[in-house]
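missing the sequence, but the structure's below:
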DNA sequence: GTCTATATGTAGATAGAC
DNA sequence: GTCTATCTACATATAGAC
């Protein structure tokens, strides 16, 4: 604990470029494996193989399997929340300021990010695993509840007649449908034969907006 | 393989009452544990403890972990599909024959069954785990696709203007929202403060019907 | 069919050389 | 920080007594 260097984010010490690259490779590999097999189905050895690193390195950077999982979930949560809130603020400037814009501000950022960096697709699948397992409700709430509440307030102001419970229900339906679109794109194609990807996001926004009563 | 008795369902041999009860206890316990922790998070020992049976008995009746998982998923699938198709046929007799009735016929049976037997709630959580993990897409398709296609045809006939892809999208959104309502009832309460359970199912049907454009 | 004891593999984690 | 070798625990599965 001696000789610690004060960095902007209060991290332990300054990491070399090489070390930082290794960290990122470890986290990216963990993200992929966790997203594919879930927490229990993933093994440190799988992650090590995917990262092209020895097993010990995964523990060194990850600090144990559960800590690694937490880190990987947390890593992109802040970026995603920021993007959503910025998109929400942008709607305040726009004229119509309708329900669709609010839902779009919540839904679109994830797909926009996924388009420019496919690792966001893995992240979304990981979040889907998190959302289905009671064991991770704590960390899900920690990372996503603040933004959820902001959007629910916004929805409430657009739909003053709806009870808080109905807003909450609709919001949960919306989130689950969004995750389903990410994780089941292949299944949708299999069922429907269609192909257009970006159009589906429009359809999702329209579906949920209509569901809320717009 | 000798001395096999031909039963209605081509099962191996006639089982004693005692044995059948043990089987059911094993499957119920497996259902609960798999629904709580997923396939990889569950252990045969957990299941044995929950069933009040020794570890060997789980293997004897289950035939290995993966076979047991398959059996447990399959066990209630037929009942659920039957209930859904019967509910769908019942709507053909009714006058208005609207989109809501079709969606209701798909959604309601699960909640009706869960109300009279809480083990259906576990089953729904298990299906949620199945739906999120690519590893189980085969068995999900095997058990649920035939009914899914029937309902999609019915939806298509009510919404002739929509493309097959949009029907498929809306159906996936609907299924995910339905599973979210089962698995996130607590979360919805936490977010919204509300309580009424049966009302939520009405809200879900309304949400999806509106989403489809009704 | 039921239960005990055990075989075998592989998981997460760590100690210590480099 | 990186990597090898190893410790310990617990998983699935089975063999065989009852």
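Received, thanks. This structure is a prediction, so every number in the text was calculated from the model and none was measured.

going forward, measure contacts between C-alpha atoms and count neighbours the same way
Fine.

Chain A: helices as residue ranges?
Secondary structure of chain A by DSSP state H: the helices cover A:17-41, A:44-51, A:55-62, A:65-93, A:99-116, A:119-132, A:137-158, A:164-183, A:185-192, A:197-212.

Between these, which has the poorest mean confidence score?
Across these, helix A:185-192 has the smallest mean pLDDT, namely a mean of 90.

Any figure for the gap between the residue most central in space within chain A and residue A:62?
Computing the C-alpha centroid of chain A and ranking residues by C-alpha atoms, centre = their mean puts residue A:124 first, at 5.0 Å. Distance from residue A:124 to residue A:62, counting by C-alpha to C-alpha, to the nearest Å: 20 Å.

One more: residue A:71?
With C-alpha to C-alpha as the criterion, residue A:71 and residue A:62 are 8 Å apart.

again, but for residue A:118
In terms of C-alpha to C-alpha, residue A:118 sits 22 Å off from residue A:62.

How much space separates the closest residue to residue A:128 other than its chain neighbours from residue B:136?
Spatially, and ignoring its direct neighbours in sequence, residue A:128 is nearest to residue A:179 (6.1 Å; C-alpha to C-alpha, 6 or more residues apart in numbering or on different chains). According to C-alpha to C-alpha, residue A:179 and residue B:136 sit 17 Å apart.

Contact partners for residue A:191?
In this structure, residue A:191 makes contact with B:149, B:165, B:168, judged by C-alpha atoms under 8 Å, 6 or more residues apart in numbering or on different chains.

Check those for burial and list the buried ones.
Among the contacts of residue A:191, those classed as buried by 16 or more other C-alpha atoms under 10 Å in any protein chain shown are B:165, B:168.

Now narrow the contacts of residue A:191 to whatever sits close to chain A.
Checking those against chain A by C-alpha under 8 Å from any C-alpha of the partner chain, the ones in range are B:149, B:165, B:168.

follow-up on the earlier one: residue A:179 and residue B:136: who's more crowded?
residue A:179 (23 against 15; other C-alpha atoms under 10 Å in any protein chain shown).

follow-up on the earlier one: figure out which of the helices of chain A is closest to residue B:28.
helix A:119-132 (20.1 Å; C-alpha to C-alpha).

What are the contacting residues of the closest one?
Against helix A:119-132 from outside (C-alpha under 8 Å, 6+ apart): A:28, A:31-32, A:34-36, A:38, A:73, A:76, A:110, A:113-114, A:136-137, A:140, A:179, A:182-183, B:125, B:128-129, B:132-133, B:183.

got the angle between that helix and helix B:119-132?
Between the axes of helix A:119-132 and helix B:119-132, defined by axes from the mean of the first three to the mean of the last three C-alpha atoms, to 10 degrees, the angle is 170 degrees.

So residue A:105 versus chain B, what's the distance?
18 Å (C-alpha to the nearest C-alpha, to the nearest Å).

roughly how far apart are that residue and residue A:99?
10 Å.

go on, residue A:156?
In terms of C-alpha to C-alpha, residue A:156 sits 10 Å off from residue A:99.

who's more crowded, those two?
Taking neighbours as other C-alpha under 10 Å, residue A:156 and residue A:99 compare with residue A:99 leading, 23 against 18.

isn't the more buried one right up against residue A:157?
No: counting by C-alpha atoms under 8 Å, residue A:99 stays clear of residue A:157, with 9.7 Å between them.

mind listing what residue A:146 touches?
Contacts of residue A:146 (C-alpha under 8 Å, 6+ apart): none.

ok, it to residue A:132 distance?
19 Å.

Next: residue A:186.
Taking C-alpha to C-alpha, one finds residue A:186 at 20 Å from residue A:132.

circling back: more neighbours: residue A:71 and residue A:62, which one.
residue A:62 (21 against 16).

need the contact list for that one.
Listed by C-alpha under 8 Å, 6+ apart, the contact partners of residue A:62 are A:26, A:27, A:68, A:71.

which of these tops the neighbour count?
residue A:26 leads the contacts of residue A:62 on contacts (other C-alpha under 10 Å) with 26 neighbours.

I'd assumed residue A:45 was in contact with that one.
No: the criterion here is C-alpha under 8 Å, and residue A:26 misses it with residue A:45 at 11.5 Å.

Pull out the buried residues from the contacts of helix A:119-132.
Neighbour-count burial (16+ other C-alpha under 10 Å) applied to the contacts of helix A:119-132 gives A:28, A:31-32, A:34-36, A:38, A:73, A:110, A:113-114, A:140, A:179, A:182-183, B:125, B:128-129, B:132-133, B:183.

count of residues packed around residue A:52?
Using other C-alpha under 10 Å, residue A:52 has 13 neighbouring residues.

Distance of residue A:49 relative to DNA strand D?
11 Å (C-alpha to the nearest atom of the strand, to the nearest Å).

That residue: how many residues sit nearby?
14.

who's in contact with residue A:65?
So residue A:65 contacts A:44, A:59 (C-alpha under 8 Å, 6+ apart).

Can you give me the separation between it and residue A:38?
For residue A:65, the distance to residue A:38 - C-alpha to C-alpha - is 12 Å.

hang on, residue A:41 packs against residue B:40?
Yes: the criterion here is C-alpha under 8 Å, and residue A:41 meets it with residue B:40 at 5.2 Å.

got a list of what the nearest residue to residue A:45 once chain neighbours are set aside touches?
Closest residue in space to residue A:45, ignoring its immediate chain neighbours: residue A:55 at 6.0 Å, by C-alpha to C-alpha, 6+ apart. Residue A:55 is in contact with A:44, A:45, A:48, counting by C-alpha under 8 Å, 6+ apart.
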